[in-house]
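> How does the following fold in three dimensions:
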Amino acid sequence: MPQVEPSVMLNSIMGKIYNVLTNGDDTVPKSEDNFFSWCTPGLAVEPDDFDFLTQGLTGVVKKKALKDMVIEGEGGESNSPELTPAVLEGLRAQDASKQYMNAESFARLVDFVPDLAATTNNQFAAMSIMNNEGSLSERFEYILRMSQIMETKLDDKTKEKIEKFRGLLSTTRVKKNLVTDEEVEVSEPSALVNLYNQKLTEYEAAALAYNGARIDALTADNVKAVHYWGMNANILRNRVKAAMGDWVSNGYKNDYEGINAFIDQVMRRDMALLKAQYQDDLEKARITGISSGSDFFYTSLVPSNPMQAAGWTNFSFQSTDYNNSSNSSYQMKRSKTSAGGGWLGIFGGGGSASSASGQSESKVTFDSNHFYMNFSITQCQIVRPWFKTSFINSKLWRFDQNNPESSKQIVSDGGKPATGLCPAYPTAIIFIKDLVIGCRNSSGFSEAAQSWQRSSASGGGAVHFGPFHFGGSHGRSSASGERSSKFHYDSEKQEMRVPGHQIIGFKCHVLPKSPDPLSEITDWI
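The predicted model follows:
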């Protein structure tokens, strides 16, 4: 009956989890640019924490809210308040506020930069976050603000063509100020543009008339609309075709759109315009939190409803897996990152997630022949439409060399481990649900489990096995308050069950050297 320490068992479990998540083999090798940062303990979450991803930030009236309004009388009868428009609007406002708070909570949860250069080299074992330079969004905003980009210079032939085309789109004339009699030059749309807009308006009027008649027929509550469509559809359709023909022939449709397409194609190669677009995307994602009053940047997941999405994988760990995974390449690669080979976490109780680093391993050993663990697991990609890695990886920018604050800054030095403002960032979240752990013939586990159960029930702290959260507060607030897990221990089976969902870690991507501008670039703006 081989008894093993919790840290040794945990190494084996995490080795198999890593293989499940990466599927690395000789055909698809594991990527050295990605790693997993584990939460110790994991974070308990509820399905409604992610309603904003599918529902949006608009509030809706939900059955639970209506049920909570029911008042139980002394005689057992139920009294429901009248659902007036004002009451329904209040419920929608309440739900909208909750969605905003959940969106802010999630955005802040994933708005961090992993610390790859932690002094203990323990970033692969437990989540280590760089706090000295702000969040991921703050650093990206700083990168855009303090960057210089390559100055785009057009050749003379292209410049002449653009000037010619712009001359076709606008004209200048002298206009006298009626008050001061001062003459000034003003730019106005050319005759080509005016004709284009006139014919566009006529075409849209014909198209709207056609679509309006068709919609009236499809949703008709009178016979006239149906007959009107049946008798006049061909005439309305011909008007649309004629208006399109007139727009092409006399409204310079193809010429105008071709000119704009050429100018747009040339100017899009200008890094200044691209940088301005990225800054605009960042601003469009900015939302002000209702409770905090501070800004956050909207972030979502794919799939958008991780709790109900397909793709959950059943994970099981048995005694045979211990023998196979205990010597896995992943376990051996990471086992040196902390003393005693226990690279990941501890088994025991303590404070919330924010103070988990101070906990110590419990005096428990596992019988490797009778230990088992089961749960479902999935990865969800983090989507940040405002975070542009294409800009960070581009070789056409650098930090402002004339600014003493930014001139020596780097995003990533490309080292091993990488250092800088943003050497890595989280790309995916690892969820698990319905955790089961069996520990038959394990020394000290039954007594410890009963002690943890009492401690958790009295709010005495979190109980965890590495990234697996068994009970107590997880140290993260949401719109529904502090989240916690509740476990059930079956003393006869020596089995512990934890229903519900948890976040156990993040997949992170390591950035290459950045900025790494091309040496031949001499002109910067």
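> Just the CA trace of stretch 253-273, in PDB.
The C-alpha trace of stretch 253-273 is given here as PDB (Å, rounded to 0.1, in the frame of the first residue of the first chain):
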ATOM      1  CA  LYS A 253     -21.100  55.500 -58.700                       C
ATOM      2  CA  ASN A 254     -18.200  53.300 -59.900                       C
ATOM      3  CA  ASP A 255     -15.800  56.300 -60.400                       C
ATOM      4  CA  TYR A 256     -16.500  57.700 -56.900                       C
ATOM      5  CA  GLU A 257     -16.200  54.400 -55.100                       C
ATOM      6  CA  GLY A 258     -13.100  53.400 -57.100                       C
ATOM      7  CA  ILE A 259     -11.400  56.700 -56.100                       C
ATOM      8  CA  ASN A 260     -12.200  56.200 -52.500                       C
ATOM      9  CA  ALA A 261     -11.100  52.600 -52.600                       C
ATOM     10  CA  PHE A 262      -7.700  53.600 -54.100                       C
ATOM     11  CA  ILE A 263      -7.100  56.300 -51.500                       C
ATOM     12  CA  ASP A 264      -8.200  54.000 -48.700                       C
ATOM     13  CA  GLN A 265      -5.900  51.200 -49.900                       C
ATOM     14  CA  VAL A 266      -2.900  53.500 -50.100                       C
ATOM     15  CA  MET A 267      -3.500  55.300 -46.800                       C
ATOM     16  CA  ARG A 268      -4.200  52.100 -44.800                       C
ATOM     17  CA  ARG A 269      -0.500  51.300 -45.300                       C
ATOM     18  CA  ASP A 270       0.200  54.300 -43.200                       C
ATOM     19  CA  MET A 271       1.100  53.100 -39.600                       C
ATOM     20  CA  ALA A 272      -0.200  56.400 -38.200                       C
ATOM     21  CA  LEU A 273      -3.700  55.700 -39.400                       C
END
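> which outside residues touch it?
Counting contacts by C-beta atoms under 8 Å, 6 or more residues apart in numbering, the residues outside stretch 253-273 that touch it are 149-152, 154, 158, 161-162, 165-166, 168-169, 192-193, 196, 199-200, 247-248, 274, 394, 396-397, 525. The C-beta positions use only the backbone N, C-alpha and C, and glycine is treated the same way.
> what comes up buried for that stretch?
253, 256, 259, 266, 270, 271 (16 or more other C-beta atoms under 10 Å).
> Which ones among these lie within helices?
Members of the buried residues of stretch 253-273 lying in helices (criterion: DSSP state H): 253, 256, 259, 266, 271.
> Pull up the gap between the third one and residue 111, please.
To residue 111, residue 259 is 43 Å away according to C-beta to C-beta, to the nearest Å.
> With the first one instead?
The span separating residue 253 from residue 111 equals 46 Å under the rule C-beta to C-beta.
> Likewise for residue 241?
To residue 111, residue 241 is 53 Å away according to C-beta to C-beta.
> Compare those two (neighbour count), which wins?
Ranked by neighbour count (other C-beta atoms under 10 Å), residue 241 and residue 111 place residue 111 first, with 22 against 12.
> In which helix or strand does that one reside?
Using DSSP states H and E, residue 111 falls within no helix or strand.
> burial measure for the closest residue to it other than its chain neighbours, as a count.
Distances taken as C-beta to C-beta, 6 or more residues apart in numbering place residue 135 nearest to residue 111, at 4.4 Å, with adjacent residues excluded. Per other C-beta under 10 Å, the neighbour tally for residue 135 reads 19.
> Equivalent analysis for residue 16, please.
Residue 16 sits with 21 neighbouring residues when counted by other C-beta under 10 Å.
> Helix or strand for it, just tell me which one.
Using DSSP H and E, residue 16 maps to helix 6-22.
> Against which helices or strands is that helix packed?
Helix 6-22 sits against strand 34-45, strand 313-317, helix 319-325, helix 329-334, strand 347-350, strand 371-383, with contacts defined as 3 or more C-beta pairs under 8 Å, 6 or more residues apart in numbering; DSSP states H and E.
> swap the cut-off to 7 Å and go again
Here helix 6-22 touches strand 313-317, helix 319-325, helix 329-334, strand 371-383, going by 3 or more C-beta pairs under 7 Å, 6 or more residues apart in numbering; DSSP states H and E.
> Least confident of these, on average?
Lowest mean pLDDT within the helices and strands packed on helix 6-22: helix 329-334, a mean of 43.
> picking that back up, give me the lowest-pLDDT entry from the ones in helices among the buried residues of stretch 253-273.
Out of those, that is residue 266, at 79.
> The residue nearest to residue 111 contacts residue 110, doesn't it?
No: shown here, residue 135 and residue 110 do not form a contact pair, counting by C-beta atoms under 7 Å, at 9.7 Å.
> The host helix or strand of residue 94 versus strand 34-45: what angle between them?
Taking DSSP H and E as the criterion, residue 94 maps to helix 85-109. Angle, helix 85-109 to strand 34-45, by axes from the mean of the first three to the mean of the last three C-alpha atoms, to 10 degrees: 150 degrees.
> what packs against helix 85-109?
helix 51-55, strand 295-297, strand 468-478.
> rerun at 8 Å
If contacts are counted by 3+ C-beta pairs under 8 Å, 6+ apart, helix 85-109 sits against helix 51-55, helix 63-68, strand 286-288, strand 295-297, strand 468-478.
> just checking, what packs against the third one?
So the one you mean is strand 286-288. In terms of contact count using 3+ C-beta pairs under 8 Å, 6+ apart, strand 286-288 is assigned the packing partners helix 85-109, strand 295-297.
> ranking these by burial, who's on top?
With neighbours taken as mean count of other C-beta atoms under 10 Å, these reach their highest mean count in strand 295-297, at a mean of 20.
> Sheet partners, orientation included, of whichever helix or strand comes after that strand?
Next helix or strand after strand 295-297 toward the C-terminus (DSSP H and E): strand 300-302. Strand pairing for strand 300-302, using DSSP bridges, gives strand 371-383 (antiparallel).
> returning to that earlier point: and the residue nearest to residue 111, its phi and psi?
phi -80, psi 170 (degrees, to the nearest 10).
> Cheers, nothing more for now.
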